[in-house]
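In: Here is my input; please provide its structure:
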Amino acid sequence: MTRLMLPAGLLLLAACSGGEDKSQPEDSAAISPLQKAERPAPAEPAVDADLPDVAEETPPKPETKTAGDGKTIPSAIRGRWALKVADCKAKKGTDLTALTIDATNLRFYESHGELARVRESDADRIVADYKFSGEGVEWDRRMQLDLADGGKTLVRRDSGEGAAAGAMRYTRCAG
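Out: Numbering: from 1, shown residues only. The predicted model follows:
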């Protein structure tokens, strides 16, 4: 019985060796010149002159255009605007569609938005986050403001929860 157990035990040990190939010595001093000649050379990565460098494969980061300090609304956008031209001449408090824009604020009839973060801007466009308050409520809103018609029209697009659908076109009020 012990004769059968010994060969079986050796087979189990051989099976657990991890599968390492011990047929070729790893120490180069212990390898004969004949073994070195038979041994395949280590594979080198192929270099193709037509392939771009890794640095060229990395896509460039999108640039954020920012006019001025990136912390204020561009001066060309500032001023008084109204959805209805008649509201440009209405006295304060009756100008229901008016929007007044200064360096860091948007003022509507019953709400006020304070500039929180400029995402991108140039001389006649801004995409920014605003902290709004009005009628006892506070909310956050991202807005895109673009000038059109040579600066006579302001196109406003809101995004986020509760945002108005579609673009709103304001007319610049004189003075």
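In: pretty sure Thr171 is touching Ala86, no?
Out: No - in this structure, Thr171 is not within contact of Ala86 by Cβ atoms under 8 Å, at 10.1 Å. Every residue, glycine included, has its C-beta placed from N, CA and C.
In: Please, where are all the helices along the chain?
Out: For the chain, the helices defined by DSSP state H occupy 2-15, 33-38, 54-57, 86-89.
In: if we can go back for a sec, comparing Thr171 and Ala86, which residue is more hemmed in?
Out: Applying other Cβ atoms under 10 Å to Thr171 and Ala86 shows that Thr171 carries more neighbours, namely 18 against 11.
In: Look up the closest residue to that one, ignoring the ones flanking it.
Out: Among residues not flanking Thr171 along the chain, Val85 sits closest, at 5.3 Å (Cβ to Cβ, 6 or more residues apart in numbering).
In: Determine the number of other residues adjacent to that neighbour.
Out: Using other Cβ under 10 Å, Val85 is surrounded by 11 other residues.
In: Let me know the pLDDT of it.
Out: Note on Val85: pLDDT of 91.
In: What ranges does the protein have for its strands?
Out: 79-82, 98-101, 105-107, 112-122, 125-134, 137-148, 153-159, 168-172 (DSSP state E).
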